[in-house]
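[1] got a structure for you, letters missing:
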């Protein structure tokens, strides 16, 4: 088959079939254990340095963790699922489109609700600090999901539920500290030290009653 014929075949295939995120889930669901695993939300930028953003609506300038700066490309938000046997697969996705008028957090919440409606029954969810918004964490709690997320060092929390301060101002022992995260509720906060910065902060939550105190440093690690 010539290159021209091959290109035409691909175009015909794409025109005839419209694939949606649920098609991805339907393709992989038979190969994973749908119960008790871990959801993970993340995003990446697919570099498109030579494309014209004025021509392609999906192309824009997005911060890239790989380049540590804003680059021109397509932003892909993905939900991964790791089942209890540690098999990890993507189960939902969105391509960021500014014309939708939505944020990455809006997309993530949509994707979580979708996979739950499709029959996935995870136990917990992990994200970085970008996705630890109040709305996201409240959704996870309402869906009876545990979570482990990064949080910004200036996130407001309280030990006694009355006096709130920034998480970076807390004395956090190695074993973690149970706090009230403002407008979210009780969580357990941990911190880790890194070479290029003093600390990063993380919170854990489990929906089981009185289970926060039993979360250990080993489980956090």
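    Thanks, I have the structure now. No experiment lies behind these values; they were computed from the predicted model shown.
[2] looks like residue 131 contacts residue 149 (just checking).
    Yes - contact criterion C-beta atoms under 8 Å: residue 131 and residue 149 qualify, at 6.6 Å. C-beta: built from backbone N, CA, C; applies to glycine.
[3] longest strand in the chain, by residue count?
    What stands out as the longest strand in the chain, according to DSSP state E, is strand 69-82.
[4] that one: which residues count as buried?
    Using 16 or more other C-beta atoms under 10 Å as the test for burial, strand 69-82 gives 71-82.
[5] could you do stretch 117-129 as well?
    Neighbour-count burial for stretch 117-129, with 16+ other C-beta under 10 Å as criterion, is recorded at 120, 122, 124-129.
[6] now swap in stretch 87-98 and tell me
    Neighbour-count burial for stretch 87-98, counted by 16+ other C-beta under 10 Å, picks out 89-94, 96.
[7] for residue 207, state which of those is nearest.
    The closest of these to residue 207 turns out to be residue 91 (C-beta to C-beta; 20.9 Å).
[8] wait, what's in contact with that closest one?
    With contacts defined as C-beta atoms under 8 Å, 6 or more residues apart in numbering, residue 91 is in contact with 24-25, 28, 39, 79-81, 115, 120.
[9] now swap in residue 145 and tell me
    Contact analysis of residue 145 by C-beta under 8 Å, 6+ apart lists 39, 122-125, 207.
[10] want to try a markdown table for those, with distance to residue 182 as columns?
    Listed next are the contacts of residue 145 as a markdown table, based on distance: C-beta to C-beta, whole Å:
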| residue | distance to residue 182 |
| --- | --- |
| 39 | 24 |
| 122 | 26 |
| 123 | 26 |
| 124 | 22 |
| 125 | 20 |
| 207 | 19 |
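[11] ok, the residue nearest to residue 150 when sequence neighbours are not counted - contacts?
    Distance criterion C-beta to C-beta, 6 or more residues apart in numbering; nearest residue to residue 150, sequence neighbours excluded, is residue 129 at 3.5 Å. Shown in contact with residue 129 (C-beta under 8 Å, 6+ apart): 149-152.
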